[in-house]
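Novice: what follows is a predicted structure for the sequence shown.
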Number of protein chains: 2
Amino acid sequence: MHYTELIKTIKARREVLQVTQETVAELSGVGLRTLKQFESGKGNPTLLTLHKIADVLGMEVSLTIKNITTNK
Amino acid sequence: MHYTELIKTIKARREVLQVTQETVAELSGVGLRTLKQFESGKGNPTLLTLHKIADVLGMEVSLTIKNITTNK
DNA sequence: CTGTATAGTGCATTATATGGCTCTTTTACT
DNA sequence: AGTAAAAGAGCCATATAATGCACTATACAG
């Protein structure tokens, strides 16, 4: 999953759940500024930050093995 | 995926591939110190750092929706 | 057009991740 | 046991993530 995809995923998920950045910030304990920065593609969040955000959105960060047979 | 699981996953993957931290550090461009810190559970890597590490191990960072029906 | 809610940005400060160097500890092999 | 490779840890300088505040931009309802 590319960086931009991660962002899109988060944004999309947030929109599906109909919650504002402000709400996510409050619920997750992540600063609103940080969340805004991340969603607007400006940031490089730490794993902890990403985790907190994903968490309140009912998502989780995971590591998966890339498909080798990726026929580019 | 919990933080400790992420670490375990990385370590396990690295061991399966039989590569040392040093090699991963060199190939990924991540500092050896940083990698050591992460694998020993001391760090809180940025998404970019995690991505670089996962990349050389043939893995990728992704966001997945938590299973709601998690019957705890 | 006007107000309101939500999202994005500039600036400054603080906290912390990164990474090199060196040393210690652990692991693995003969 | 002895040795070497690999992993972990302390010290420390630098880069940058996190955060608040204030302001701007955008979208939308009335």
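Specialist: Perfect, thanks for sending it.
Novice: please count neighbours and contacts with C-alpha atoms only from this point.
Specialist: Will do.
Novice: so which bits of chain A are right by chain B?
Specialist: A:1, A:6, A:9, A:44-48, A:50, A:54, A:58-66 (CA under 8 Å from any CA of the partner chain).
Novice: among the residues you listed, name the ones in helices.
Specialist: Of the residues of chain A next to chain B, the ones assigned to helices by DSSP state H are A:6, A:9, A:47, A:48, A:50, A:54.
Novice: which parts of chain A sit against DNA strand D?
Specialist: Contacts of chain A with DNA strand D, taken as CA under 7 Å from any atom of the strand, map to A:29-34, A:37-38, A:43-50.
Novice: flag the shaky bits of chain A, pLDDT-wise.
Specialist: Residue ranges of chain A with pLDDT under 70: A:68-72.
Novice: which positions in it make contact with DNA strand C?
Specialist: Counting by CA under 7 Å from any atom of the strand, the positions of chain A adjacent to DNA strand C are A:15, A:19, A:20, A:21, A:22, A:33, A:36, A:37, A:39, A:40, A:42, A:46.
Novice: can you show me the strands along chain A?
Specialist: Assigned by DSSP state E, chain A shows strands spanning A:59-65.
Novice: need the contact list for the most centrally placed residue in it.
Specialist: Closest residue to the average C-alpha location of chain A: residue A:10 at 4.1 Å, with CA atoms, centre = their mean. Contact analysis of residue A:10 by CA atoms under 8 Å, 6 or more residues apart in numbering or on different chains lists A:39, A:54, A:57.
Novice: counting neighbours, what do you get for the last one?
Specialist: Yep, that's residue A:57 we're talking about. Each residue near residue A:57 was counted by other CA atoms under 10 Å in any protein chain shown, and the total is 21.
Novice: quick revisit: neighbour-wise, which of the residues of chain A next to DNA strand C leads?
Specialist: residue A:21 (19 neighbours).
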